[in-house]
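Colleague: A predicted structure for the sequence below; I have some questions about it.
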Amino acid sequence: MKQASTAFSGHQKMIVALLALTQFTVILDFMVMSPLGDMLMKSMNIKPNQFGLIVSAYAFSAGISGLLTAGFADRFDRKKLLIFFYAGFILGTLCCGLANTYYTMVAARIVTGLFGGVIGSISLAIVTDLFDISQRGRVMGFVQMAFGASQVLGIPIGLYLANAWGWEAPFFLVAGVAAIVMLLIIFQLQPVIAHLAVQRDKSAFTHLWHTVRSRDYRIGFTATALMSVGGFMMMPFGSAFAVNNLHVTQEQLPLLFMVTGVGSLFIMPVLGKLSDKKDRFTLFTIASIYALVIIIIYTHLTPQPLWIIMCLNVLMMAGIMGRMIPFTALTTGIPDLSDRGAFMSVNSSLQQIAGGIAAVIAGMIVSQKDKFSPLEHYDTLGWVIVGLTLPCIYLVHRVSVIVKRKLAKGAVVNTTSVAAEV
């Protein structure tokens, strides 16, 4: 059952821009670990499994934070929650730039994850509160453009700074940009409090229990976790594979990420619009099968001209985002208004924990004889992702059935438009 898409108000456009900027900094902080991976592994003399633990430290702490805050997520103004956790994220990112050993970097990533991992779920709760379900595909398409923007602007600039002043520089860049974005949130975003009027549970623990015991919610949680395991496996070692296996130079890495990001900026709004016009499960399935083909090709790749590697990266990103946007838009239709913050927190927590597990497993599968040797068994990751994607398609089908059933019964409550509030 499809609802007609409606246009955004001026205030809604401002909200989308603020959330996209917020996601830009959070995603950049996480994504920059991949292109800096080879540099960090060499400068700190760490092995692939240790680097996998650095990536996992963020993911696991973010997951724990999400679970701890889930019971409280619907009890406060979402704007205040966003500001609190964003401030902690900025502090953690500064600590990453100041880290000088493997252990201090792990500690800094834990701090960053404790705060940064919750920001995505708060943003999703805000989107779900302030935008009708018929608009959410486009919203997610624009918000996820932050992913492409981080590759077009953030990662190339970060790598340039890293090559010029050391790997610490990108973290200081992210912290500075995030501080500016937080000021914009403080002065531009209005309180988001509609959910406070429909709270039923007396305690945070009871609210969390009511959320996790829902059968429909658990199906959404499982689908998110399974998809995240596959999605996170290749990411930590992307730059190391490009440099050591495909012979991409450190100077070419910024260009590679920039081209991939430009492709994403064009692809994501289109996918967002398609997600609001076409059946989201069908779009997810087509994108998943397409992505698997590209992933298998890429993980088995040998040294090729740079333009071929660039094209494959753009094609692979199209498949990954083609899965993520319709799936995220579908997932926002599962929770009721009173449970949205808790649902998004638990969902984000499971996503982060699953991603951390994936990074650890990938670190155990991938090996490297020395700092400059090719990565071994990277192709195995591709086949593991294939095995995880097939049951994921089935779970997303079940999510689609749940959302369509709720729409048919009128269980999805259309929130008051932001334009009417201002």
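Modeller: Sure thing, it's come through.
Colleague: what about the longest helix in the protein?
Modeller: helix 378-409 (DSSP state H).
Colleague: Can you mark which positions in that helix are buried?
Modeller: With burial defined by 16 or more other C-beta atoms under 10 Å, the residues of helix 378-409 counted as buried are 378-379, 381-382, 384-385, 388-389, 392-393, 395-396, 399-400, 402-404, 406-407. Using the backbone N, CA and C atoms, a C-beta is placed for each residue, glycine as well.
Colleague: Then stretch 90-101?
Modeller: Residues 90, 92-97, 99 are the ones in stretch 90-101 that count as buried (16+ other C-beta under 10 Å).
Colleague: Quick one: distance of it to the chain centre.
Modeller: Relative to the centre of its chain, stretch 90-101 is centred 21 Å away, using C-alpha atoms, centre = their mean, to the nearest Å.
Colleague: Stretch 252-261 now?
Modeller: Computed by C-alpha atoms, centre = their mean, the separation of stretch 252-261 from the middle of its chain amounts to 19 Å.
Colleague: Can I get that stretch in PDB? Just the C-alpha atoms.
Modeller: The C-alpha trace of stretch 252-261 is given here as PDB (Å, rounded to 0.1, in the frame of the first residue of the first chain):
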ATOM      1  CA  GLN A 252      46.100   8.100  -5.800                       C
ATOM      2  CA  LEU A 253      44.000   7.100  -2.800                       C
ATOM      3  CA  PRO A 254      42.300  10.500  -2.300                       C
ATOM      4  CA  LEU A 255      41.400  10.500  -6.000                       C
ATOM      5  CA  LEU A 256      39.900   7.000  -5.800                       C
ATOM      6  CA  PHE A 257      37.700   8.000  -2.800                       C
ATOM      7  CA  MET A 258      36.700  11.300  -4.400                       C
ATOM      8  CA  VAL A 259      35.500   9.600  -7.600                       C
ATOM      9  CA  THR A 260      33.600   7.000  -5.600                       C
ATOM     10  CA  GLY A 261      32.100   9.800  -3.500                       C
END
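Colleague: and of the buried residues of stretch 90-101, the nearest to residue 116?
Modeller: Within these, the smallest distance to residue 116 is 6.6 Å, found for residue 92 (C-beta to C-beta).
Colleague: Wasn't the closest one part of a helix?
Modeller: Yes - Residue 92 sits within a helix when classified using DSSP: H, G, I helix; E, B strand; the rest coil.
Colleague: Chain neighbours aside, what residue packs nearest to it?
Modeller: residue 112 (3.1 Å; C-beta to C-beta, 6 or more residues apart in numbering).
Colleague: Run a quick neighbour tally on that neighbour.
Modeller: Residues within reach of residue 112, counting by other C-beta atoms under 10 Å, total 28.
Colleague: change the start of the numbering to 10 and stick with it
Modeller: Sure, I'll start counting at 10 from here, so that last one is residue 121.
Colleague: now stretch 218-236: mean pLDDT?
Modeller: Here stretch 218-236 scores 83 as its mean pLDDT.
Colleague: Find out how far that stretch is from the centre of the chain, if you would.
Modeller: 18 Å.
Colleague: Show me what counts as buried in that stretch.
Modeller: Buried residues in stretch 218-236, counted by 16+ other C-beta under 10 Å: 219-220, 223, 225-226, 228-236.
Colleague: Can I get it in CSV, CA atoms only?
Modeller: Provided in CSV are the C-alpha atoms of stretch 218-236 (Å, rounded to 0.1, in the frame of the first residue of the first chain):
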residue,chain,number,x,y,z
TRP,A,218,11.8,-4.6,27.7
HIS,A,219,8.5,-3.7,25.9
THR,A,220,10.6,-2.8,22.9
VAL,A,221,12.8,-5.9,22.7
ARG,A,222,10.0,-8.4,23.4
SER,A,223,7.9,-7.3,20.4
ARG,A,224,8.1,-10.0,17.7
ASP,A,225,7.8,-7.4,14.8
TYR,A,226,10.6,-5.4,16.3
ARG,A,227,12.9,-8.4,16.8
ILE,A,228,12.5,-9.3,13.1
GLY,A,229,13.7,-5.8,12.2
PHE,A,230,16.6,-6.1,14.7
THR,A,231,17.7,-9.4,13.2
ALA,A,232,17.6,-8.1,9.6
THR,A,233,19.7,-5.1,10.6
ALA,A,234,22.3,-7.2,12.4
LEU,A,235,22.7,-9.7,9.6
MET,A,236,23.0,-7.0,6.9
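Colleague: Need the contact partners of that stretch.
Modeller: If you take C-beta atoms under 8 Å, 6 or more residues apart in numbering as the criterion, stretch 218-236 is touched by 79, 209-210, 332, 336, 340, 343-344, 348, 351-352, 355-356, 359-360, 362-363, 397-398, 400-401, 404-405, 407-408, 411.
Colleague: how about a cut-off of 6 Å?
Modeller: Stretch 218-236 is contacted from outside by 210, 340, 343, 348, 351-352, 356, 359-360, 363, 401, 404-405, 407-408, 411, using C-beta atoms under 6 Å, 6 or more residues apart in numbering.
Colleague: Return the item of those having minimum pLDDT.
Modeller: The pLDDT minimum for the contacts of stretch 218-236 sits at residue 210, where the score is 52.
Colleague: thinking again about what came up before, out of the contacts of stretch 218-236, flag the one nearest to residue 243.
Modeller: Set against residue 243, the nearest of these by C-beta to C-beta is residue 363 (14.4 Å).
Colleague: does that closest one sit in a helix, a strand or a coil?
Modeller: At residue 363 the chain is in helix, as set by three-state DSSP.
Colleague: same question, residue 142
Modeller: coil.
Colleague: So the closest residue to it other than its chain neighbours: helix, strand or coil?
Modeller: With sequence-adjacent residues excluded and distances taken as C-beta to C-beta, 6+ apart, residue 142 is closest to residue 342, at 5.2 Å. Per three-state DSSP, the secondary structure class of residue 342 is coil.
Colleague: for residue 200, same thing?
Modeller: Three-state call for residue 200 (three-state DSSP): coil.
Colleague: Neighbours of it, how many?
Modeller: 11.
Colleague: next one: residue 365
Modeller: Residue 365 has 27 neighbouring residues, counting by other C-beta under 10 Å.
Colleague: again, but for residue 77
Modeller: Using other C-beta under 10 Å, residue 77 is surrounded by 15 other residues.
Colleague: Quickly note the distance from it to residue 124.
Modeller: 12 Å (C-beta to C-beta, to the nearest Å).
Colleague: shaky segments in the stretch 10-159 of the chain?
Modeller: 10-16, 43-44, 46-47, 79-83, 150, 153-159 (pLDDT under 70).
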